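# For reference, the sequence and a predicted model appear below.
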2 protein chains.
Amino acid sequence: MKIIDISLPLNSKTPIYPDNVPLTVSVHHAMPQYQTALSSITMGSHTGTHVDAPLHAVYGGLPLDKIPLTHFVGPCRVLDFSKESNEFISKAQLEAKNIREGERILLKTYNSIRGFDSFYPNYVYLDGDAADYLAKVGVSAVGIDSLSIKQRGGADHRAHVSLLKANIPIIEGLALHEAEEKEYELVCLPLHFSNIDGAPARAILIER
Amino acid sequence: MKIIDISLPLNSKTPIYPDNVPLTVSVHHAMPQYQTALSSITMGSHTGTHVDAPLHAVYGGLPLDKIPLTHFVGPCRVLDFSKESNEFISKAQLEAKNIREGERILLKTYNSIRGFDSFYPNYVYLDGDAADYLAKVGVSAVGIDSLSIKQRGGADHRAHVSLLKANIPIIEGLALHEAEEKEYELVCLPLHFSNIDGAPARAILIER
């Protein structure tokens, strides 16, 4: 069994989407003054690798804990667009991949090649028509290697809204540089917050 | 495939170990004033279901990101002591279970039966001799259904120190009421913090 960690490290260098909550980790109890070391964490619900629940972009939508974990655990397919386009993923590009209902789809783009040294506003995103297509096919989950699946500052909100209206959760902030275009087992586990719009997650790919 | 979620829900009712960081979730951006809803989270590194890294109780010990994820992913065995003792788990009780090197061991106690409606100072813990035994056997990970594996206020710190000195990570705050004494696949994924003493995690058991 091989595990590929596709989660962004969380530290002072983690890129944060503009206007989101800063990530801080500070000492709460330090050794040897205390018997144990404890840290205090502040972060946004959409920090680093994280899951968007419908409530994130659909007013009155489902919170994260109402999305069954089966969406996040099981076979998945990585689609590699990292050499095809540096702007967005289109419906035509997805149509060429024969995506089926119920699949967990992870979108690898140039974002993973460039890396995550800082927040790049011109990240590769999912086009609105492409999101409509994935919602219509009825995939189980969509992951992408950018901190948001929609274009930074764009007026087309379908990348969020079309998927989340269909109760298809979105995994954002994936680090897919080690993943190839093929099938893996996905385990993406967001923290178990109640009634929240999204949550930080740890995500891995398993090869057996 | 059946998934059993063995993670505590995180909300205003989540029990917090005394003197740890309070858990708060507040609105950062609300809809419909904003296009998306975002929350701000503050929590301790040992809140809810979480992992203790060696650095938690061993001065200069390894931080969480230096413990390979293989400790947390793979076959595990739930040992059910929930009907045997309401005080602690002893070495003799463990010896009866034929524990082998490399096993991932989850300890189910009366804590899971009582539930997690509040913090109960008299939680069932792991005895120091029992911890020494698990460290000597060389298990891969030890999980327990209390917020700390050691006795509240006790002078014997071996439940933490003996395991963590051997670089055996500890999973605390598990909710094992649905788990039986048998083998499962464990996936426990702590958030990917760098250089930290421990981190909140989501943990599941998989039955195939």
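Arrived safely, thanks for sending.

# gap between the lengthiest helix in chain A and the chain center?
The helix that spans the most residues within chain A, counting by DSSP state H, is helix A:128-137. In terms of Cα atoms, centre = their mean, to the nearest Å, the centre of helix A:128-137 is set 17 Å apart from its chain centre.

# can you give me the strands in chain A?
A:2-5, A:24-29, A:38-44, A:50-52, A:73-80, A:88-89, A:104-108, A:125-126, A:141-144, A:170-172, A:183-190, A:198-207 (DSSP state E).

# Mean neighbour count and distance to chain B for those strands - can I get that in a markdown table?
The C-beta positions use only the backbone N, C-alpha and C, and glycine is treated the same way. As requested, those are exported to a markdown table (neighbours: other Cβ atoms under 10 Å in any protein chain shown; distance: least, Cβ to the nearest Cβ, whole Å):
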| stretch | mean neighbour count | distance to chain B |
| --- | --- | --- |
| strand A:2-5 | 16 | 5 |
| strand A:24-29 | 15 | 5 |
| strand A:38-44 | 22 | 4 |
| strand A:50-52 | 29 | 8 |
| strand A:73-80 | 20 | 6 |
| strand A:88-89 | 22 | 18 |
| strand A:104-108 | 26 | 13 |
| strand A:125-126 | 26 | 14 |
| strand A:141-144 | 26 | 14 |
| strand A:170-172 | 27 | 11 |
| strand A:183-190 | 23 | 4 |
| strand A:198-207 | 24 | 4 |
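
# what's the average pLDDT for the longest helix of chain A?
Averaging pLDDT along helix A:128-137 gives 98.

# ok, now stretch A:46-65?
Here stretch A:46-65 scores 98 as its mean pLDDT.

# just stretch A:97-116 next, same as before
Stretch A:97-116 comes out with an average pLDDT of 98.

# Show me which positions of it end up buried.
Going by neighbour count (16 or more other Cβ atoms under 10 Å in any protein chain shown), the buried part of stretch A:97-116 is A:99, A:103-112, A:114, A:116.

# And the pLDDT at A:Ile196?
pLDDT recorded at A:Ile196 is 98.

# I figured it hits B:Val25, correct?
Yes - here A:Ile196 reaches B:Val25: they are 6.5 Å apart, a contact under Cβ atoms under 8 Å.

# Identify the contacts common to these two.
Residues touching both A:Ile196 and B:Val25 (Cβ atoms under 8 Å, 6 or more residues apart in numbering or on different chains) are A:Ser45, B:Ser39.

# send the alpha carbons of stretch A:163-182 over as CSV?
Extracted C-alpha coordinates of stretch A:163-182, given in CSV (Å, rounded to 0.1, in the frame of the first residue of the first chain):
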residue,chain,number,x,y,z
LEU,A,163,-22.1,21.7,-8.0
LEU,A,164,-23.3,22.7,-4.5
LYS,A,165,-27.0,23.0,-5.5
ALA,A,166,-26.7,19.4,-6.6
ASN,A,167,-25.2,18.5,-3.1
ILE,A,168,-21.9,17.6,-4.8
PRO,A,169,-19.2,18.6,-2.3
ILE,A,170,-16.1,20.3,-3.6
ILE,A,171,-12.6,19.6,-2.3
GLU,A,172,-10.3,22.6,-2.7
GLY,A,173,-6.6,23.2,-2.1
LEU,A,174,-5.4,19.8,-3.1
ALA,A,175,-1.7,19.3,-3.8
LEU,A,176,-1.7,16.9,-6.8
HIS,A,177,1.8,17.1,-8.1
GLU,A,178,2.5,13.5,-7.2
ALA,A,179,-0.8,12.2,-8.6
GLU,A,180,-1.1,10.8,-12.2
GLU,A,181,-4.1,10.5,-14.4
LYS,A,182,-5.5,7.2,-13.2
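
# Let me see the contact set for the spatially most central residue of chain A.
For chain A, the residue nearest the mean C-alpha position is A:Glu172 (1.7 Å; Cα atoms, centre = their mean). Residues near A:Glu172 by Cβ under 8 Å, 6+ apart: A:His46, A:Thr49, A:His50, A:Val51, A:Asp52, A:Gly143, A:Ile144, A:Ser146, A:Leu147, A:Ser148, A:Ile149.

# Check A:Val139 too.
Contacts of A:Val139 by Cβ under 8 Å, 6+ apart are A:Ile99, A:Glu101, A:Gly102, A:Glu103, A:Arg104, A:Ile105, A:Ile168.

# quick one: the fourth one from A:Leu186, how far?
Using Cβ to Cβ, to the nearest Å, A:Glu103 is found at 10 Å from A:Leu186.

# Now stretch A:14-22: buried residues?
A:Thr14, A:Pro15, A:Ile16, A:Tyr17, A:Asn20, A:Val21.
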